[in-house]
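K.L.:
Mind folding the following:
(2 chains)
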Amino acid sequence: MNRWLKRAALVVMAGGLFFLVGAGFYFVRERVVDDRRIPFPSSAREMFGSPPSSLADRRTGRIPWAAAGAPLLTTITSVPDAAVLLKDHPETDFKWDPAVPGTARVTLGDVSGRTRLVSLAAAAGSVFEWRGVMPAGAWFQCRIGLLATEGGVRFSLDLEENPAGETKRVFSEMLSATRLRGSEKGPWIPHWWWSLVQPPEHPDEQWRAVRVDLSDWGGRMVRVRLTTAVVEPVGSEESGVALWGTPEIRFPQPAPVALRSRKNPLDLPILLAVFESTSDDLVFPPQTGRSRLSGFLGESVWFPFFYTADVRPLQSLESLVFISSTAWPEILGRQGYRTRAVGAFSDEMMGLLDHAGFEEIHRLPLDGYDTIRAAGRAASWVRDSSSAGDLVFLYFSDMPRGRWGPVRYWARGIPIGSSHWARWKRAGEDAYRDDYFGRVVDTVDEKEEEWIAGAVSLRGRGRVPVPVVNKKSGRSKMVFLDDSGGGMREREIRVVFGLRSLQRWAPGLCRSPGQIPDVGPTVVGALQIPVASERGRVWALDKAVSLSDSSGAWVVRSAGAKAVVVDGRYKYIRHGSRQAWTSVRRGAIRIDYPAEEVFDLWNDPGERKDLARERRNLLARLRDVLDELDPDPAEVRLSFLNPTGRRVDGMVNCVQGELGEVVSSVGGRRMGAYEFIFSTNAVSGDIRFRTWPPLVPFRLRVLVDGKSLDPSRIQVGRWGIPLFEIKGDEWFDKTKFGWMDGWAPPRSSTDTVVSLGRVAPVPSEVSP
Amino acid sequence: MTFRERARDSVGLLRQWGLAGGRDMVATTRDSFVSVEGRAGVAVFVGLWALGRCQAGPWAVWGPELGGEIVPDVHMGYAGEAVGAQVLLLGIHILLGAAWGVAAKNAGGFMARVWPRFSVYRLKPWIGGVLSGVAILAGHGILLIRDVARHPALFQETFLDRGGWMAAIQRAALLPETAPWTAVGTVAVAFWMVLAAGEWGVRFFRWWMNFPRPTRLATMVLGGALVAFAAGVWGVGRIQAQRNAGPNLLLISVDGWRTSMSETTGDVSALKKKGQGPRVRSSTVAPSADLSPSLATALSGLSPGTHGIRHDFVSADDRLRGVETLPDLLKKGGWTTVLLADGPSGFIDRMAGRFEHRHVASSHAGVRMGRRLVERSPHILPYLSGRWGRRLGLRGSVLMADPALLADEVDHVLGGLKNRPKFFLWVHFSSPNSTCAVVSPRAAGRLGLANDPFFRRPGRGFDPSPLTVTDENVLRRFYAQSLRETHAAIRRIFEDLARRRMDTSTAVVAWSPRAALLSSDDLDRVRRLDGPAFEGLPFFVWEGALPMEIGGGRTEGPGRAMDVAPTAARLVGVDTPSVWEGVSMTEGLPSGEWGAISIESSDPTDPVAHGLGLPSPWEILVEDRAWPGRYCRNPAWEDPFLIFRNRSVRLGSERVLYRPGLQRVDWSFDSVSVPTTGTPWVLARAHKERIKELKDIFFRTLARDSGWRPQNDYWIPESFLREMPLEPGEDERTRRRMPRF
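P.N.:
Numbers count the residues shown, from 1 in each chain, chains lettered A, B, ... in the order given. You can find the predicted model right below:
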C-alpha cells in the first residue's frame, strides 16, 4: 500500500513539476513581452526600405494619384460591382471615397498588422493612367493588394513616352488569392477546426510594397499606366478587386525659400505621439524627471494643467482629431501633407481616423509588441522622410491585460514610495513605452530638417482611492482599482501635452488650463494655417497664451460621470447611475461615488473634501455651468389628481426654444413647434414633455374651471413642496426651477392638485 | 577555569534553569487545566454559554444609543465577524471555566495540606467532578447575583425582559433580603480565592527553596539591585519632571443635565470648588434637541448652520473639518488636550481626533456589535462590568456609563497630567441622559425593587413614545438617582483636583449639551421649541484662583451653547478666532441681533403622523463612504429632513417660531412684553412692522447656512443634493436603506 502511495505521490509531484515548468515557460514565452524579438526601427521587409542613397536626407516632393483634384488623373475603367465579395470581407472595411472617383479606403494586412490606405480600386483588367512631365530623379511607390477568393492578378506599370512612343514595362508582379474556400475544406473536417487553424484576418490578403525607379524618364512627357490583368481566372460567384494603395510619384525638390511671410503656411513635418494614458507622476507636480517623456516635455512648451475631454480613449481621440465637423489631419492633407497614423487602434478608432482623413492608417495587433512596432514604424517614417509636409501620428496604447512588459524594464519601473503591485507593473510598462518613445524622438533629433514634435495623452492614470460597496454585505470601503477614470479626479483627467520645436519657440510652462480639443488648433496654428475651431482654442506657443476667447470652463466626460472645471479652481462632478458600475471585480463590488461632488482644487488639490453639502451656493452655480455647457436630457412630468371631475385646462409654451416629444394620457394638441394644450375632465392625468434645449425656460398654466390653480396646490420636485409664487394670473419661480429635480406623485386630496418635476427620460416609455 | 568557561557554564546553567522552569510551568498549568476541577469548570461554563445564548433570545433592535440602528446591517455585513465573535465568546467562557477549575483545584490542594482528609481525589473522579462543578456554579452564581443587583439595567435584557423564572432571578437578586446572603457568598468566594492563592504561594515557595542558597542569595541581590536601579531612574524622572503650573481647563459636559430637576437632587450650582460658587451661572439654550449638534457647537464656537452638524449621524465629510475648534486652539497654545467620555456617540468618536489623548468609545459597527454581544452574554458580564471591562471594549455601552468609574479614570488621568505644564481636559458624562438607565451600583442599591422594576426607559428607544404618569414618576426617580451619582462624581473630581493641588490653577466649566426628556410634556415642548429641554441647561464656570484680569463680573442669565468655547478660552487667557460666533459669558450675552438665540427642533420623528411622507430617520442610515464601518444619514434625505424642521429665533423677550408644513409655513410670534388676550398678537395691525423686522432677522440669522434661501416663506436649499433614487436590481437590504420615492 505504501509503495503505491509513494508512486502516486511521485506521479503527482512530477505532474506538478511539469505544470510549474510549463506554466513558467508559458509565462515567459507568451505573457511577457520580449522586445528583442522585434528589430527597431522596422526592417526593410516591413516597409519600402531605405530610399535611394542619392536621395537620402534630401527634400522630396510628391504627386499623389489618389488625392482629389490630382492633375491629369484619368480613370479609364470603372470598378465592377463587388458587393458580394466585399460582404464576405468585412474586415477590409471597404469604403468608396465619394470625393475622388475610383478611390476607396481599404484595410488589408501587412507584415505585423493591418493597414488602411487610400487606394485605387478596380477589377482585373482595369487601367489607370497619369500623363505629364516626369520630374527629374523621380520614382514611383505604392502598395498593391488583391481582394479575391481565388485566382490571380498581375499588376503592371507601363511607361509610354509621348507622342506614341514605345511602351516599356518597368514593373510587373502577380498576386494570387491562396485562401481556402469553405467548400474545399472537406465535409469531414469540423468547422471549429478551421476557426482554430485559420485566423480570421485572411493573412494572404496583404499589401505588397512597390518602388520603381523612374529617373531615366526625368524631364520627359510620359504616360504612366497602372494595369491589372487576370492571370488565373477568378471565381464565377465573386469578383476580385485589385488595389493600388497610395500610389505616388516622388521626386527631389529644391529647398524652400528662406524668407516666409507670416501669412504663408509652413509645411514642417510633424510627429505627434499620443499615449492612451500617462501616469500622474508627470503632472503631480509638473517636473522633469528621469523619463524620456518628461525630458521631452521639459524641452517643449508644456501645458501641465491640461484636461482630457473624455476618459474613454475613443471619445478622447475624437476630441483630439476633430476640431469641428472637420478633422485637422484632413486640413493638413488638403495642404499637401502626407498623413499617416500607426498604433494598436480598435475598430472604432479605425473608423474615426478614417473619417478624419488619414491617408494611411497602420493598425497593429494589441499584444504588447505594438509599442515597439508602432515606434519602429514611426521612427522609420521619420528616418526616411524627405518630403515637406509629413504628419506622423503615433499611438501608444496601454499594455493589454494579461501581458507584462519586457523584463529589463521591471526594475526601472519601481515606483518610489509605493509598492502596490499594479502600480509597479504599470510603471514597468510605462518605462518600456517611454524608452521607445525616446528612440523615436532621437530619430527626429537626428534629422537635419526642422520637425515639430508633440506628445499628448488621452487620459491620466493615478492611484485614486475609489469608494465601493460590497454588493452582498453592503459594507463600504475605499479600494484602489487599476481601472481608473470613473472618479474624474485630477489624477485621472489631467493629461500631458507638450509641443516642441527646437527652432521656432523656446521651452516653457503654460500654466493656463487647456483641454485636448486645443491640440489640433494649436498644431495647425503653429503651421500658420488659418483654422476655424469650434471646440478647441489656438495657443500661441511662442507666448504661451491662448489666442481664442476662453470660457474658463472645461467639461470632461466618462462612461458614468461628467465633470466641469471652472476657472481652474472649482470642480463639479456629476456621477451617473450606479447600475453602470457593477462590472468591476466580477460584480462583487459596486462603485459608490456620491451623486455630486464639488472640490476646491486650490485649497484641496488632493480632492479629499467634498464641498457639495457645505458650499450649496457654489453647487448651484456649478450645476448651472455644466447644464449650460453639456445639458443632460431631461423631461418635465406633470401629473394631476382631479377627484371632483372639474375641467382642467393646461398649456405649455416654450417660445425660447421648442417643445420636443409630448406624451399625454389625457390627449391634447400640439400648436406648432413650441406649444401644447390640453383640456380634460379626467380624475387623473399624466403629461410628459421635453424641451430643447433641455433647460430652456417655458411657461406652464393649469386652469381649473377656468381659474388659475392656487400655487399651494402645486407640488414641485421630488419632495412635493409648493414653491411657486403667483403674480397676476401666472406662476413664477425665483429659482429658475432650481429644485424641480425629481417628481413625486400628487398626494391624495379632495381638491385638484398638481405635481410637477424634472425627471430623467425613459426612452422606452416616450412615444413619438 | 577561565572567565570565558565560567561565563559559558553560567549561561548554560541559566538555559537549563529556564527550560526546566518552563517545562515545569507548562506541565503544572496543563495538569491544572485538564484536572477534574478544570474539566468540570469548563463543562459548567460551556453549559452557561449555551444557556446564555438561549437566554439572550433574538436580537432586540433597541434605540440608537444601544446600537439598534446597526443591528440589521451587522447581521448582513458582519456575518463572519459575528460567528467569530461567538467563537471568541465561547473561548472566553472556556477560559473562565478553566480558571475557576484551577482556582478550585488550588483551593482544594491548600485545604488538603491543612486537612489531609479533605481531598477530592479521595472520591471517585465523577463525584469529584460533580462536586467541583457545583462549587464553581455556586461561586459564579454568587458573583452573578451580586452584579445583577449592582447593574440591573445591564441584565434587564437577558433576565427581566425574558419573563418567567429568569425575571424571577433578577427580582430575587434585587430583593433587600438577598443582599446579606450575597454579601456572605461574596466573602465565601473571596475566601476561596485566598485559599487558592495560598496554594499558589506554597508551591512557589517550595519551587524557590529548591534552589541552593547561594543561588537564591545571588538572585535576590541581583533582583534587588535591578529594582533599586529602576526605582532610582523612576525617582530621578519624577523629580525632574515638569510640574503643572496652569492655567488648566477642565470642561465637564453632562448629557441630560437640566436645571429644572435641581429641586430633587439639590442645587447643582451648590457644587463648590475650593469653597467658591460659580462665577458664571447661566441657563443656556441648546441649539438643537440632538446631542451631536450641541457638542459640535460647544466645541467650535459656531452655530449649527455654520459648522454643519445638524443631527447625530453626520458624515465624515462634515464642515467641522476645516474649523479651528477649542482643542485645536489650546493645543496650539501648548496645552495638553485630553478627552474622556463613557457613553455612545458617533460624534464623540469623531471629535476625539482633535485631542492628543482620548479614551472614548469607538463608533465602528464591528466594535459596537462586539459590545452588544458582550452585553448579551450574562455569564461573563460579572467579570467585565467594572473598570477593567470598560477598558476591554465595553466603553460606550449606555448601560455601563457609570459616573463613578469615569471619575476613577479622571483621577488616574489627572495623575499623569500633573506632570504636564498645562492641560485641557474634557470629561463627558453620559449617564443621566434620556435613556435614563440605572448604571450606578449605588443608585441601583438605593432604588431596589420599588414599584414595577424596569431599569431602562420604556419603549424601544427609537422614538420618544408617550409616557404614562407611572412611567414619568419612575423615570424621574431614576434620573434623580443617576444625577445624584453624577454630582458625586463631579465632587470627587473637584476633590481630586484639590488633592493634587491643581484646583487653584484649573478653571472648570460645567455644561449640559441637552436635557433629559422625562415626560410627555417635555416631548411636546421640544417640538414647540421651548421648555426646559431647550432653555434650562446648566452652564457654570468656576474660575478658581486664576487672575481676575480676564475681566467681566459675575454673570447670571441666558446663554448659548456656542458661548461655551469662547468662555473657556477666555478663562485661560487665549484669544478666540474671529470666525467664532459665540462670545465669552464672563461679559454676558450681547444685546441686539448678536445676542439672538437660534434653535431648531430635531428631525420630524413621527413623519407619518405629520403627513410629510418622510421615512423614519433610522431607516435612512447608510454606511459612510468616507468612514467605513460608521453610519451616516443618506445624503439624499439630508435636505427634506432639514426643510421640515421647526426653527425659532429669540431676541430678548421676543420670539419668532417657524413651522413648515406641506402646504404652507406657519409662523407665530410672541413676546412677553405684549399681553396676550387670547388672540394671537401676530394679527394685531399695530405689530405688523415689527413682525416684518423679526422675519428679516430670522432669515438673516439662518443665512449662516450658505446655499439656503427663502421661497414662499420656506427656508429652502438652493440646490437639493442629487443622490440617486432607488433603481431596479438593488438588493432588498439596500432597498431598505435607500430613499423611497
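
K.L.:
Which parts of chain B belong to which domain?
P.N.:
B:34-210, B:242-361+B:396-596, B:607-737 (automatic domain parsing).

K.L.:
right, so the ones you listed: which one is the most enclosed?
P.N.:
Most buried of the domains of chain B by mean neighbour count (mean count of other Cβ atoms under 10 Å in any protein chain shown) is domain B:242-361+B:396-596; its value is a mean of 21. Any C-beta I mention is one placed from the backbone N, CA and C, and that applies to glycine too.

K.L.:
Does chain A have contacts with that domain?
P.N.:
Yes - under the criterion of Cβ under 8 Å from any Cβ of the partner chain, chain A is reached by domain B:242-361+B:396-596 at B:G308, B:S315, B:D317, B:D318, B:R319, B:R321, B:G322.

K.L.:
want to try JSON lines for the domains of chain B, with distance to A:G24 and mean pLDDT as columns?
P.N.:
What follows is the domains of chain B, written out as JSON lines (distance: least, Cβ to Cβ, whole Å; pLDDT from 0 to 100):
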{"stretch": "domain B:34-210", "distance to A:G24": "36", "mean pLDDT": "86"}
{"stretch": "domain B:242-361+B:396-596", "distance to A:G24": "46", "mean pLDDT": "81"}
{"stretch": "domain B:607-737", "distance to A:G24": "39", "mean pLDDT": "72"}
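
K.L.:
Let me have those domains in CSV, extended by distance to A:S684.
P.N.:
Converted to CSV, the domains of chain B look like this (distance: least, Cβ to Cβ, whole Å):
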stretch, distance to A:S684
domain B:34-210, 37
domain B:242-361+B:396-596, 34
domain B:607-737, 18
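
K.L.:
Go through those domains and name the closest to A:K707.
P.N.:
domain B:607-737 (18.3 Å; Cβ to Cβ).

K.L.:
so where do the helices sit in chain A?
P.N.:
Counting by DSSP state H, chain A has helices at residues A:2-26, A:83-88, A:191-197, A:292-298, A:313-321, A:328-334, A:347-355, A:370-384, A:421-446, A:490-493, A:519-526, A:616-629.

K.L.:
closest one to B:R456 among the ones you listed?
P.N.:
Judging those by Cβ to Cβ, what sits closest to B:R456 is helix A:616-629, at 40.2 Å.

K.L.:
Any buried residues in the closest one, and which?
P.N.:
Going by neighbour count (16 or more other Cβ atoms under 10 Å in any protein chain shown), the buried part of helix A:616-629 is A:R616, A:L618, A:L619, A:A620, A:R621, A:L622, A:R623, A:V625, A:L626, A:D627.

K.L.:
closest to chain B among those?
P.N.:
Closest approach to chain B among these (Cβ to the nearest Cβ): A:R616, at 1.8 Å.

K.L.:
That closest one is in contact with B:R709, isn't it?
P.N.:
No - using Cβ atoms under 8 Å, A:R616 is not in contact with B:R709, being 9.3 Å away.

K.L.:
Need the overlap of contacts for those two.
P.N.:
B:E718 (Cβ atoms under 8 Å, 6 or more residues apart in numbering or on different chains).

K.L.:
Quick check: chain neighbours aside, which residue is closest to A:E318?
P.N.:
A:L352 (5.6 Å; Cβ to Cβ, 6 or more residues apart in numbering or on different chains).

K.L.:
which residues sit in contact with that neighbour?
P.N.:
A:L314, A:L317, A:E318, A:V321.

K.L.:
how close does it sit to A:L320?
P.N.:
A:L352 sits 10 Å away from A:L320, taking Cβ to Cβ, to the nearest Å as the criterion.

K.L.:
In three-state terms, how would B:R310 be classified?
P.N.:
coil (DSSP: H, G, I helix; E, B strand; the rest coil).

K.L.:
Verify the contact between it and B:I643 for me.
P.N.:
No - the criterion here is Cβ under 8 Å, and B:R310 misses it with B:I643 at 11.6 Å.

K.L.:
low pLDDT regions in the stretch 51-200 of chain A?
P.N.:
For the stretch 51-200 of chain A, the stretches with pLDDT under 70 are A:51-60, A:64-85, A:124-125, A:149, A:162-165, A:178-187, A:191, A:194-200.

K.L.:
Tell me which residue in it sits closest to chain B.
P.N.:
Closest point on the stretch 51-200 of chain A to chain B, by Cβ to the nearest Cβ, is A:P90, at 35.3 Å.

K.L.:
burial measure for that residue, as a count.
P.N.:
9 (other Cβ atoms under 10 Å in any protein chain shown).

K.L.:
Chain B contacts on the stretch 351-500 of chain A?
P.N.:
For the stretch 351-500 of chain A, the contact set with chain B under Cβ under 8 Å from any Cβ comprises A:P467, A:V469, A:N470, A:K471, A:K472, A:S473, A:G474, A:R475, A:S476, A:K477, A:M478.
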